[in-house]
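Visitor: pasting the structure only:
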Ligand SMILES: CC(C)(COP(=O)(O)OP(=O)(O)OC[C@H]1O[C@@H](n2cnc3c(N)ncnc32)[C@H](O)[C@@H]1OP(=O)(O)O)[C@@H](O)C(=O)NCCC(=O)NCCS
């Protein structure tokens, strides 16, 4: 998609992008965009994630040395990197599928019940020419804190400012409902995710190495070939003027 008329957030026909409340008819599209967004995390975790975990690289090196010492088989050693990469992809896929199953059997399966009928929570979609192109939810955690969840933008419409608009919607909602902070967690290694949240005024206050993703089985092999870092972000609404307006 063209840059939504160079970020005027209008398409070639002058149609504006709107962020509006979720309606029941949006459910299949929201689920599709969420599913596709999460599945992008499979290669992200398996390949990009490797660079962020030197301890795992060390472990793979140790496995290689032990294999060589015990088998003296050079073709096996030559194949090991490819085997490791395949196993990382396989286990990342398994865990992310498990996470998706869990999400679909809870909030993403009953979006209306979880976000539209629960006081203090909400969900919005970004719509362009009657087509849903992104979504984001706010989930009630306590009287002071709401969680930004399920941020996703259809990949054909990215880098046009839709993520920022969706994030600002959550910040507006939180400010107008007297929450004092918005929090979120992510295991994404994609720079886009972290840049987006920082741009919205969030800052990272905790990083958990070896985070246990909901839906993972924690089997021995899974722990070796699936390892992620969880970033916990917060946006204090005392500075909401800056955050909500998206200015820096
Ligand atoms: C993360 C995501 C929501 C961003 O949506 P988006 O509509 O493309 O974001 P925006 O266009 O509003 O971009 C906002 C800022 O994020 C950063 N950004 C976005 N895409 C980027 C990219 N591909 N590379 C580098 N930075 C990027 C930029 O700083 C950008 O501002 P700029 O364009 O003025 O430089 C989208 O990439 C997505 O849905 N990813 C898959 C699902 C996901 O990872 N969700 C978050 C999980 S917690």
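Guide: Yep, it's here. Computed from a predicted model, the values in this text were never measured in an experiment. Residues are numbered from 1 along each chain as shown.

Visitor: Could you point out which residue ranges in this protein have low pLDDT?
Guide: Low-confidence segments of the chain (pLDDT under 70): 1-15, 239-248.

Visitor: next helix or strand past the longest helix anywhere in the chain?
Guide: When the chain is parsed with DSSP state H, its longest helix is helix 74-104. Per DSSP states H and E, helix 74-104 leads on to helix 111 as the next helix or strand towards the C-terminus.

Visitor: what residues does that next one touch?
Guide: Residues outside helix 111 that contact it (CB atoms under 8 Å, 6 or more residues apart in numbering): 22, 27, 30, 31, 123. Just so you know, the C-beta spots here come from the backbone N, C-alpha and C atoms, and that holds for glycine as well.

Visitor: Looking at these, which is nearest the ligand?
Guide: residue 30 (12.1 Å; CB to the nearest ligand atom).

Visitor: Okay, and which of the contacts of helix 111 map to strands?
Guide: residue 123 (DSSP state E).

Visitor: and residue 168, how many neighbours does it have?
Guide: Neighbours of residue 168 under the rule other CB atoms under 10 Å: 19.

Visitor: If you could redo that for residue 70, that was the one I meant.
Guide: 8.

Visitor: related to what we said a few turns ago, can you tell me which of the contacts of helix 111 is nearest residue 160?
Guide: Ranked by distance to residue 160 (CB to CB), the contacts of helix 111 are led by residue 30 at 18.3 Å.

Visitor: got the contact list for the closest one?
Guide: Residues near residue 30 by CB under 8 Å, 6+ apart: 22, 108, 111, 123, 125, 132, 135.

Visitor: Let me know the closest of those to the ligand.
Guide: Checking those against the ligand with CB to the nearest ligand atom, the nearest one is residue 135 at 9.3 Å.

Visitor: quick one: contacts of the strand or helix carrying that closest one?
Guide: Element membership for residue 135, per DSSP H and E: strand 131-140. Residues from elsewhere that reach strand 131-140, judged by CB under 8 Å, 6+ apart: 17, 22, 26, 29-30, 33-34, 107, 114-115, 118-127, 146-154, 156-157, 162-163, 166-167, 169-170, 173-174, 182.

Visitor: residues of it that come out buried?
Guide: 132, 133, 134, 135, 136, 137, 138, 139, 140 (16 or more other CB atoms under 10 Å).

Visitor: List the contacts of the closest residue to the first one other than its chain neighbours.
Guide: Okay, so that is residue 132. Closest residue to residue 132 apart from its sequence neighbours, by CB to CB, 6 or more residues apart in numbering: residue 29 at 3.9 Å. By CB under 8 Å, 6+ apart, the residues touching residue 29 are 125, 131, 132.

Visitor: Go again with 10 Å.
Guide: 125, 127, 131, 132, 133, 134, 135, 154 (CB atoms under 10 Å, 6 or more residues apart in numbering).

Visitor: now those as CSV including distance to the ligand?
Guide: Formatted as CSV, the contacts of residue 29 follow (distance: CB to the nearest ligand atom, whole Å):
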residue, distance to the ligand
125, 13
127, 14
131, 15
132, 13
133, 9
134, 6
135, 9
154, 8
